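**Q** sequence and predicted model, in that order:
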Amino acid sequence: MADNDKPIIFKKVKKGGEGHHGGAWKVAYADFVTAMMALFIVLWVLNQSEDVKKAVSNYFKDPTGYSQYGKNIIIGQSSGFMPKKGTDLHTGKGKSKEEQKKKFEEMKEQIKKELSKNKVFTDIENKIKFEIVNEGLRIEMLETEDNFFFDIGSSRLNIKAIEVLKKIAKQISSLPNLIVVEGHTDARPFAAGNESYTNYELSADRANSARRVLIENNISTDKIDEIRGYADKRLRDSENPFSLVNRRISIVLKYMK
């Protein structure tokens, strides 16, 4: 067979890796989905409260400090925001004691204002004491001869005490400070005839009664740092250990360090 009679052979080379139309569309689609997600996030944020907007903003400034803060935004627990200790909710920076004292003073005046609005509280308004201590701000509910928050020997709060705690909870829920709830008794021995139940158990049970009311009124359980039952070991009137003012509930807002 002559050279010019040889059959012509065509070799078809297949190019792989990009499918029918190449892979560029996947990149474009991914960019589109990302842009849409960003748009929906922006629209969601614009529809939220100022606290949430500030939280989102501060998260990007300090993601580590606001990790729990952001988690609570997603699940809708606005009252339970818990940034790391020493972090200001609005600036992301630790507050000095002087700045925290100023917040405490503002909150104290607001609580007094709330109590003065209601005639029901006029007789006990002066029985709510505020004091700056080394630990932070202490709010004390004192008992007197004409006003009892608990029945003698009981840890059950009466209606008036519950309403006062609701007013306090409303104000302190806006602050990030950790909370200590203390129960105190006077020096009278517990007279129920049960040797295993003393003033220590009674004071701790009273503190827990107050804690439950706070939690039922928008105080996050994460913010309750301690429950203390002091019995008669922290007397307010040490010269008269049997005085009714020694029977009290204390709520301490601890300084953020």
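**A** On my side now, so go ahead. Numbering: from 1, shown residues only.
**Q** and the closest residue to residue 240 other than its chain neighbours, what does it touch?
**A** Leaving aside its chain neighbours, residue 240 sits nearest to residue 246 (7.9 Å; criterion: Cβ to Cβ, 6 or more residues apart in numbering). C-beta coordinates here come from the backbone N, C-alpha and C atoms, glycine included. Contact partners of residue 246, counting by Cβ atoms under 8 Å, 6 or more residues apart in numbering, are 184, 185, 186, 187, 232, 235, 236, 237, 240.
**Q** break down the stretch 51-200 of the chain into its helices, ranges please.
**A** For the stretch 51-200 of the chain, applying DSSP state H, counting those that start in this stretch gives helices covering 67-75, 97-117, 159-172, 199-216.
**Q** tell me which of these lies nearest to residue 57.
**A** helix 67-75 (11.1 Å; Cβ to Cβ).
**Q** state the mean pLDDT of that closest one.
**A** For helix 67-75, the mean per-residue pLDDT is 48.
**Q** and stretch 99-117, by the same measure?
**A** Rounded mean pLDDT across stretch 99-117 is 86.
**Q** likewise stretch 174-181?
**A** The model assigns stretch 174-181 a mean pLDDT of 93.
**Q** can you give me the end-to-end span of that stretch?
**A** Taking Cα to Cα, to the nearest Å, stretch 174-181 runs 17 Å from one end to the other.
**Q** list the buried residues of it.
**A** 175, 176, 177, 178, 179, 180, 181 (16 or more other Cβ atoms under 10 Å).
**Q** repeat for stretch 225-240
**A** 227, 229, 230, 231, 232, 235, 236.
**Q** give me phi/psi at the third one?
**A** Right, the one you point to is residue 230. As for residue 230, its main-chain torsions (degrees, to the nearest 10) stand at phi -90, psi -10.
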